[in-house]
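Novice: Turn this into a model:
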Amino acid sequence: MKLFELGSNELKQQATVAKQIAGQEQPKAGEPMYADWAHTKEAQKLIQKLLPNADVKIQNATGVKPIPHVRIQKTSPQELKSAIEGPGLGVALNVADATQSRVSGKYTPYSFTVNGITYTIVLSTKTTGNDSRIGINRKELSPTNLGMAGKTYNRKELIKATKQALDQHIRDETLRGALNAILDNAARGGGGTIAKEFQEYIFHDIGTISQDFGEILAPLMVMDNNDTATFPEGNSPLVDVLMPRGNMSVKALTGSGTSFKTVADLMDKYEKSIETDKDKKKKFEVLKQFHPSNKGLNVDKIIAASKVASIPEYAEAVRVFGQFSNWKELEQQMKRWPWKDGSKAAYRNFLEVAMDVFTAGNWGMPIGMPADGKFYLGSAPKAQEKEKVAGYPSFKANPHKGAADILTYSMGQGLARFITKGKNKDVYSKMMTDIVKQSNAVLGHITIKADGSLVLVTRPFSDLEFQFQYHAPSHLPGNNLPGFIAVLD
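Specialist: Presented below is the predicted three-dimensional model:
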């Protein structure tokens, strides 16, 4: 069954008629007519039938993503190509054009055309050079996504249940073999190695395996025959596995941040302990803005914390653009400026005006300015006009929103430096350490080496130092809520 034979009448229209149905303007000469939401939804349904083992979803045009597109996981480039070019559809799978490429800043989009309508696909899997590889997506190997959450296992049961989960969820036979070999290695203490073919096969995915599969491997490496391990359901506060010998938070690579919302109860407990200390209470108010009880989006909390801390970036943004206390108010202030055309000249003007905010903290460099800023301000070569989604593309898509996002990102970065590098950095570090160490848990730092051997280092939270962390792209400043990270030696 071909796409244009499906039930939707819209898919049978010629380009001009379809464009009118979609409520869009006629494409300029030489430009394709991109599928609207209805067309893309029909394509998503068909592709799911052609790739029954894949995870096929649809994403609408939002922000810098100019057109709707189909997003696919759990399949390989080779399988995707066969599905599109095979008898079920029978059209060529092509490289995406410049407009389609903007739907993803991380993965490579593809394109195909039916009845004069151009569809966009994003295969959300890292490229490895091997088109037959299905690849691993972030969190795919976590206990939750392997169907192991909410259950308690002894050591023998954990090994058996994990092998069964891999058989059920991992279609790639070589990958499954590599994961089973790593699991067996962990059960033996982690000192051995895995076969060369497995080492080479998982080389590009070792970080993801460490982060997610590590939540199963780490407890296994410390368990004896009398131990049990329980993987909490949903987003557990702080810990990844519950064990009688001590709950464990598993981190891999250089560690990863944890949102303050995961330790809301510990924050409440800490606040009660400092009721009579006015100085600590004042400083705690900055961190408290990220407590889940405070209403608002992540961007609102970043602005609120910046205001409470009176960081230079917030003060300068108010001086230059006017009063605001949340993101919507900041966006309204942007509408007072002549940037609505989204031109390169308008973007350059915004950067020039915002430079006082970027440099307000005197950190030795503009804080929060997008990577393409130097190019548009004339101080970097053409090669640095490289942003695919952030920077000018986000500003062009929606100038007022784009400007408000960049300024919020600058405040988030300024706040992170204020807490970690400012005059009260030691006070804040101790405060976050005191909050987290109230939990009777250990940090399990796991490393899977290139040869498949494993190293696990465990340390009680009470022995660790914690630090403030904020990371997000400049066009999505609220993508991650600021949080804390263990300082690992």
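Novice: I figured Leu454 hits Ala186, correct?
Specialist: Yes - in this structure, Leu454 is within contact of Ala186 by Cβ atoms under 8 Å, at 5.6 Å. Just so you know, the C-beta spots here come from the backbone N, C-alpha and C atoms, and that holds for glycine as well.
Novice: what's the overlap in contacts for these two?
Specialist: 217, 221 (Cβ atoms under 8 Å, 6 or more residues apart in numbering).
Novice: Compare the two (neighbour count), which wins?
Specialist: Between Leu454 and Ala186, counted using other Cβ atoms under 10 Å, the more crowded position is Ala186 (26 against 22).
Novice: So that one: helix, strand or coil?
Specialist: helix (DSSP: H, G, I helix; E, B strand; the rest coil).
Novice: Look up how far Gln199 lies from it.
Specialist: Note on Ala186: its distance to Gln199, by Cβ to Cβ, to the nearest Å, is 16 Å.
Novice: try Asp224
Specialist: 29 Å.
Novice: Those two: which is more packed in?
Specialist: Under the criterion of other Cβ under 10 Å, the comparison of Asp224 against Gln199 puts Gln199 first, with 17 against 8.
Novice: okay, Gly105: pLDDT?
Specialist: Predicted confidence (pLDDT) for Gly105: 76.
Novice: That one contacts Ala371, doesn't it?
Specialist: No - look at Gly105 against Ala371 with Cβ under 8 Å: they stay out of range, at 11.6 Å.
Novice: Could you check which of the two is surrounded by more residues?
Specialist: Gly105 (17 against 14).
Novice: Which secondary structure element is home to the more buried one?
Specialist: Per DSSP states H and E: Gly105 is located in neither a helix nor a strand.
Novice: What sits closest to it if chain neighbours are left out?
Specialist: Val389 (3.7 Å; Cβ to Cβ, 6 or more residues apart in numbering).
Novice: On the three-state scheme, the one you found is what?
Specialist: Following three-state DSSP, the label given to Val389 is coil.
Novice: what's the neighbour count on it?
Specialist: Val389: 21 neighbours (other Cβ under 10 Å).
Novice: That one and Gln168: what is the separation?
Specialist: Applying Cβ to Cβ to Val389 and Gln168 gives a distance of 35 Å.
Novice: what does the model give the residue of the chain most remote from its centre for pLDDT?
Specialist: Residue farthest from the centre of the chain, counting by Cα atoms, centre = their mean, is Thr276 at 39.4 Å. For Thr276, the pLDDT comes out at 96.
Novice: go on, Gln26?
Specialist: If you check Gln26, the pLDDT there is 56.
Novice: ditto for Gly378
Specialist: For Gly378, the model assigns a pLDDT of 85.
Novice: so who does it touch?
Specialist: Gly378 neighbours (Cβ under 8 Å, 6+ apart): none.
Novice: give me the element it is part of.
Specialist: Short version: Gly378 belongs to no helix or strand, going by DSSP H and E.
Novice: where does it fall, phi/psi-wise?
Specialist: phi 80, psi 10 (degrees, to the nearest 10).
Novice: What's the separation between it and Ser293?
Specialist: 46 Å.
Novice: Tabulate the CA atom coordinates of stretch 162-175 in CSV.
Specialist: Extracted C-alpha coordinates of stretch 162-175, given in CSV (Å, rounded to 0.1, in the frame of the first residue of the first chain):
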residue,chain,number,x,y,z
THR,A,162,18.3,-8.5,33.1
LYS,A,163,19.1,-11.1,30.5
GLN,A,164,15.4,-11.7,29.9
ALA,A,165,14.8,-7.9,29.5
LEU,A,166,17.7,-7.6,27.0
ASP,A,167,16.2,-10.5,25.0
GLN,A,168,12.8,-8.8,24.9
HIS,A,169,13.9,-5.2,24.3
ILE,A,170,17.2,-5.3,22.3
ARG,A,171,16.7,-6.4,18.7
ASP,A,172,20.3,-5.9,17.5
GLU,A,173,21.9,-9.3,18.1
THR,A,174,25.5,-8.1,18.3
LEU,A,175,24.5,-5.3,20.7
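Novice: what does it rub up against?
Specialist: Residues contacting stretch 162-175 (Cβ under 8 Å, 6+ apart): 53, 74, 133-134, 136, 140, 145-148, 176, 179-180, 183, 197-198, 201-202, 205, 216.
Novice: same thing but at 6 Å, please
Specialist: Stretch 162-175 has contacts (Cβ atoms under 6 Å, 6 or more residues apart in numbering) with 53, 134, 146-148, 176, 179, 183, 201, 216.
Novice: again, but for stretch 284-291
Specialist: 260, 264, 267, 301, 304-305, 308-309, 482.
Novice: Likewise for stretch 394-407?
Specialist: In contact with stretch 394-407 (Cβ under 6 Å, 6+ apart) are residues 64, 317, 330-331, 334-335, 339-340, 342, 347, 350, 474-475, 477.
Novice: what do you get for stretch 125-135?
Specialist: 76-78, 172, 204.
Novice: what sits against Val442?
Specialist: Val442 touches 246, 248, 458, 460, counting by Cβ under 6 Å, 6+ apart.
Novice: any idea which element it lies in?
Specialist: strand 441-448.
Novice: Quick check: next helix or strand after that strand?
Specialist: strand 454-460.
Novice: hey, C-alpha coordinates of that following strand in CSV?
Specialist: The C-alpha trace of strand 454-460 is given here as CSV (Å, rounded to 0.1, in the frame of the first residue of the first chain):
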residue,chain,number,x,y,z
LEU,A,454,34.2,-2.2,34.7
VAL,A,455,35.4,0.0,37.6
LEU,A,456,33.0,1.0,40.4
VAL,A,457,33.9,3.5,43.1
THR,A,458,31.4,4.0,45.9
ARG,A,459,31.4,6.9,48.4
PRO,A,460,28.9,8.0,51.0
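Novice: Can you report how many residues neighbour Ser310?
Specialist: With other Cβ under 10 Å as criterion, Ser310 counts 10.
Novice: how close does it sit to Pro109?
Specialist: Distance from Ser310 to Pro109, by Cβ to Cβ: 43 Å.
Novice: How many neighbouring residues does Lys340 have?
Specialist: 12.
Novice: Could you check the strand holding Val442 and say which residues are buried?
Specialist: The neighbour-count check on strand 441-448 (16 or more other Cβ atoms under 10 Å) flags 441-446, 448 as buried.
Novice: which residues of the stretch 351-489 of the chain score low on pLDDT?
Specialist: Scanning the stretch 351-489 of the chain with the threshold set as pLDDT under 70 gives 380-388, 489.
Novice: ok, now the stretch 101-250 of the chain?
Specialist: Looking at the stretch 101-250 of the chain by pLDDT under 70, you get 234-237.
Novice: Do a quick rundown of the strands in it.
Specialist: Assigned by DSSP state E, counting those that start in this stretch, the strands in the stretch 101-250 of the chain fall at 109-114, 117-123, 152-154, 228-230, 247-252.
Novice: What residues of the longest helix anywhere in the chain count as buried?
Specialist: Criterion DSSP state H: the longest helix present in the chain is helix 399-421. Across helix 399-421, burial judged by 16+ other Cβ under 10 Å covers 399-419.
Novice: just stretch 100-112 next, same as before
Specialist: Buried residues in stretch 100-112, defined by neighbour count with 16+ other Cβ under 10 Å: 100-105, 109-112.
Novice: before we move on, what about stretch 65-80?
Specialist: Result for stretch 65-80 [16+ other Cβ under 10 Å]: buried residues 65-77, 79-80.
Novice: could you dump that stretch to PDB, C-alpha only?
Specialist: The C-alpha coordinates for stretch 65-80 follow below in PDB (Å, rounded to 0.1, in the frame of the first residue of the first chain):
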ATOM      1  CA  LYS A  65      11.500  23.800  14.000                       C
ATOM      2  CA  PRO A  66       9.800  25.200  10.900                       C
ATOM      3  CA  ILE A  67       7.800  22.200   9.700                       C
ATOM      4  CA  PRO A  68       6.200  19.100  11.200                       C
ATOM      5  CA  HIS A  69       8.200  15.900  11.000                       C
ATOM      6  CA  VAL A  70       8.300  12.200  11.800                       C
ATOM      7  CA  ARG A  71      10.800  11.200  14.500                       C
ATOM      8  CA  ILE A  72      11.900   7.600  14.600                       C
ATOM      9  CA  GLN A  73      13.800   5.500  17.200                       C
ATOM     10  CA  LYS A  74      14.800   1.800  17.500                       C
ATOM     11  CA  THR A  75      15.500   1.200  13.800                       C
ATOM     12  CA  SER A  76      18.600   1.500  11.600                       C
ATOM     13  CA  PRO A  77      19.300   3.800   8.600                       C
ATOM     14  CA  GLN A  78      19.300   0.600   6.500                       C
ATOM     15  CA  GLU A  79      15.900  -0.500   7.800                       C
ATOM     16  CA  LEU A  80      14.500   3.100   7.300                       C
END
